[in-house]
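Trainee: Compute the structure for the input listed below.
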Amino acid sequence: MEALDLDDEALLSYWRGQFGLADQRYLDDRFGPLLVASVRESLRQGQAGWARDNVVRMGRWSFDPGQIRCPTAVWFGEEDNWPAGKWVVDQVPKAELHVLPKRGHLVLFEDWDRVLDELGVGLSGPGRL
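Mentor: Residues are numbered from 1 along each chain as shown. Next up, the predicted model:
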């Protein structure tokens with residue numbers, strides 16, 4: 001059965017099972033309907049995009065991340081059960097890991113204002129967009 005064949009609650013239930021407790025709370029509180037709409041839109045024209053994401057995520061990259069020389073910031077939720085952020089920090093020499101407590105994989109959706117502010121590109125305040 002494909003994701004598009006599932007009703008909204010079944011699709012959300014599937015994603016709850018993929019995430020840890022911090023993300024499950026966020027899905028229940030705010031993000032659930034947005035996640036369902038996002039998944040449906042991302043699959044509307046087929047699964048090629050998701051397949052490419054998996055190749056990038058699990059396959060060899062076309063460049064050596066160890067050659068990245070610019071400062072790189074990685075935000076990672078303390079309760080994230082997917083190790084991608086930590087992997088990037090291990091591979092990129094100047095990567096700086098920011099671990100946010102009581103957050104999971106969806107950390108950027110929960111704290112995007114904080115992340116943008118720390119990057120100096122926040123949406124409000126003097127000199128900001």
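Trainee: make it CA atoms for all contacts and neighbour counts henceforth
Mentor: Noted.
Trainee: what distance separates the lowest-mean-pLDDT helix or strand in the chain from the centre of its chain?
Mentor: When the helices and strands of the chain are scored by mean pLDDT, DSSP states H and E, helix 48-58 comes last with a mean of 79. Taking CA atoms, centre = their mean, to the nearest Å, one finds the center of helix 48-58 at 14 Å from the center of the full chain.
Trainee: Can you tell me what sits against it?
Mentor: When contacts are defined by CA atoms under 8 Å, 6 or more residues apart in numbering, helix 48-58 is touched by residues 42, 43.
Trainee: Just the C-alphas of it, formatted as CSV.
Mentor: Extracted in CSV, the C-alpha atoms of helix 48-58 (Å, rounded to 0.1, in the frame of the first residue of the first chain):
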residue,chain,number,x,y,z
ALA,A,48,11.2,9.7,-7.5
GLY,A,49,12.0,12.5,-5.2
TRP,A,50,11.9,10.3,-2.1
ALA,A,51,13.9,7.7,-3.8
ARG,A,52,16.6,10.3,-4.6
ASP,A,53,16.6,11.5,-1.0
ASN,A,54,17.3,7.9,0.1
VAL,A,55,20.2,7.6,-2.4
VAL,A,56,21.7,10.8,-1.0
ARG,A,57,21.1,9.8,2.6
MET,A,58,22.4,6.3,2.4
